[in-house]
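J.: A predicted structure for the sequence below; I have some questions about it.
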Amino acid sequence: MDKIENRAVIKFFVKKGLKAMKIHSEMVNVLGASAPSRAMVCKWAAEFQRGRQSLYDDPRSGRPTSVTTEEMINSVHNMIKIDGQLTLSEIATAMDVSSERVLHILKKELSLRKVCSRWVPNVLSINQKQQRIEFSTQNLNLFRKNEIDFKRRFVTTDETWVYHYSPEPGKETKAGCSVPKQPKWSKSTKKIMALVFWDGKGILLIDYLQTGEMITEKYYLNLLERLDERILRKRPALAKKKIYFHVPADRGVLVKDKLKVLHYELLQHPPYSPDLTPSVFHLFVNLKKFLDGKRFSSDEEVILAVNDYFDGLPESHFKDGINKLGNRWEKCIELNGEYTEE
């Protein structure tokens, strides 16, 4: 299928009421490697949601766009709302503009910045700051009430994309440089999503989703069943204990009900707060450093490498992540809800 046919499919699904990520999933299932990128689907879904009718590109001079238009700003904003983990290069490719122009829009026009690889508001609202303070205070009180017991019963989770190849830092072309000092290597388009559940002793469960698969409520309910079995097997001392469960995303009403059935206490987590997510600021950062520069020819090789990496970590590494979270809750309160790191 050519790009016009792809856009027609996206437009059709938007008319049916499907979200961009679901549209991308459907197209990947049918088209495989020839499906349009996630960023491209996000861009055109946002365009059609705003009422665009044409499937064709707007006329342009043939040179990369250097003027920031309101339409361009709105398109980038909608893409980020759909997926806050999109990279500059992914957005630039989808928009057919330079990475420098995308960075200008994100920072100057939309007042966003990256915190722990997530695009978040550069300036938090009063309500957002208050919510960060409130939830940090609640969680910190639980933490301080019986620190040793809290750490034993604390389980956290998040997901991250793992690429078949990620370039080492310094090997990507910097924005504004006409000639790279080193050969330009870009991330592989092939990737797999890892959903990681862990506590202060180590990994409890990892599940992998291929590109195009979705995290549905049904899927997540099944994961919780598997997680509970792993906890009973790996942490038998917690069999009759309440689990403090920390998940940064809202997984829906059915998931919340399931957590109650399992006797898990869901810890409150404020939106736009990757700095308060231990998987993001601690676990995944080190995983990405380990994978930088490595090449894999299949999902199986990626899975083996990730599993081997986590199996090789000492227990102290996981304890450090939990300890850092307690410190970050304290810091968030001290800073009156501001981000705890740049």
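T.: Nice, I can see it. Here the structure is a predicted model, which is why all the values come from computation and not from measurement.
J.: mind listing the strands for the stretch 51-200 of the chain?
T.: Counting by DSSP state E, counting those that start in this stretch, residue ranges of the strands within the stretch 51-200 of the chain are 112-115, 118-121, 154-163, 191-199.
J.: my bad, the stretch 201-342 of the chain
T.: Taking DSSP E, counting those that start in this stretch as the criterion, the stretch 201-342 of the chain carries its strands at 203-210, 243-246, 264-266.
J.: Just put the strands of the stretch 51-200 of the chain in JSON lines and tack on mean neighbour count and distance to Ile333.
T.: In this view, the C-beta of every residue, glycine as well, is placed from N, C-alpha and C. Listed next are the strands of the stretch 51-200 of the chain as JSON lines, based on neighbours: other C-beta atoms under 10 Å; distance: least, C-beta to C-beta, whole Å:
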{"stretch": "strand 112-115", "mean neighbour count": "19", "distance to Ile333": "17"}
{"stretch": "strand 118-121", "mean neighbour count": "19", "distance to Ile333": "19"}
{"stretch": "strand 154-163", "mean neighbour count": "21", "distance to Ile333": "19"}
{"stretch": "strand 191-199", "mean neighbour count": "20", "distance to Ile333": "24"}
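J.: Now tabulate the ones you listed in a markdown table and tack on distance to Val97 and mean pLDDT.
T.: As requested, those are arranged in a markdown table below (distance: least, C-beta to C-beta, whole Å; pLDDT from 0 to 100):
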| stretch | distance to Val97 | mean pLDDT |
| --- | --- | --- |
| strand 112-115 | 16 | 74 |
| strand 118-121 | 17 | 72 |
| strand 154-163 | 23 | 92 |
| strand 191-199 | 23 | 93 |
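J.: So for Gly293, which of the ones you listed sits nearest?
T.: strand 154-163 (11.3 Å; C-beta to C-beta).
J.: So what's the gap between the closest one and the chain middle?
T.: Using C-alpha atoms, centre = their mean, to the nearest Å, we find the averaged C-alpha position of strand 154-163 to lie 9 Å away from the chain's own average C-alpha position.
J.: Pull the residues that contact that strand.
T.: Counting by C-beta atoms under 8 Å, 6 or more residues apart in numbering, the neighbours of strand 154-163 from elsewhere in the structure are 85, 187-188, 190-200, 204, 209, 215, 227, 231, 243-249, 264, 277-280, 284, 287-288, 291, 302, 306, 322, 325.
J.: In the stretch 201-342 of the chain, where is pLDDT below threshold?
T.: Scanning the stretch 201-342 of the chain for pLDDT under 70 picks out the ranges 211-212, 342.
J.: mind running it again at 90?
T.: Along the stretch 201-342 of the chain, segments meeting pLDDT under 90 span 209-217, 239-240, 248-253, 271-272, 285, 288-289, 292-294, 340-342.
J.: now the helices for it?
T.: Taking DSSP state H, counting those that start in this stretch as the criterion, the stretch 201-342 of the chain contains helices spanning 217-234, 253-261, 278, 284-291, 299-311, 315-334.
J.: Alpha carbons of the last one, as CSV, please.
T.: The C-alpha coordinates for helix 315-334 follow below in CSV (Å, rounded to 0.1, in the frame of the first residue of the first chain):
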residue,chain,number,x,y,z
GLU,A,315,19.6,-7.5,45.0
SER,A,316,21.2,-4.2,46.1
HIS,A,317,20.4,-2.6,42.7
PHE,A,318,16.7,-3.1,43.2
LYS,A,319,16.8,-1.9,46.8
ASP,A,320,18.5,1.2,45.7
GLY,A,321,15.6,2.0,43.3
ILE,A,322,13.1,1.7,46.1
ASN,A,323,15.2,3.8,48.4
LYS,A,324,15.5,6.5,45.7
LEU,A,325,11.7,6.6,45.4
GLY,A,326,11.4,7.5,49.1
ASN,A,327,13.9,10.2,48.7
ARG,A,328,12.1,11.6,45.6
TRP,A,329,8.8,11.7,47.5
GLU,A,330,10.6,13.8,50.1
LYS,A,331,12.2,16.0,47.5
CYS,A,332,8.9,16.6,45.7
ILE,A,333,7.3,17.8,48.9
GLU,A,334,10.3,20.0,49.7
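J.: Could you list the residues in contact with it?
T.: Residues external to helix 315-334 that are found in contact with it (C-beta under 8 Å, 6+ apart): 132-133, 136-137, 139-140, 143, 147, 151, 154, 156, 198-203, 275-276, 278, 281-283, 286, 338, 340.
J.: 6 Å instead, please
T.: Applying C-beta atoms under 6 Å, 6 or more residues apart in numbering, the external contacts of helix 315-334 come out as 132-133, 136, 139-140, 143, 151, 200-202, 276, 278, 282-283, 340.
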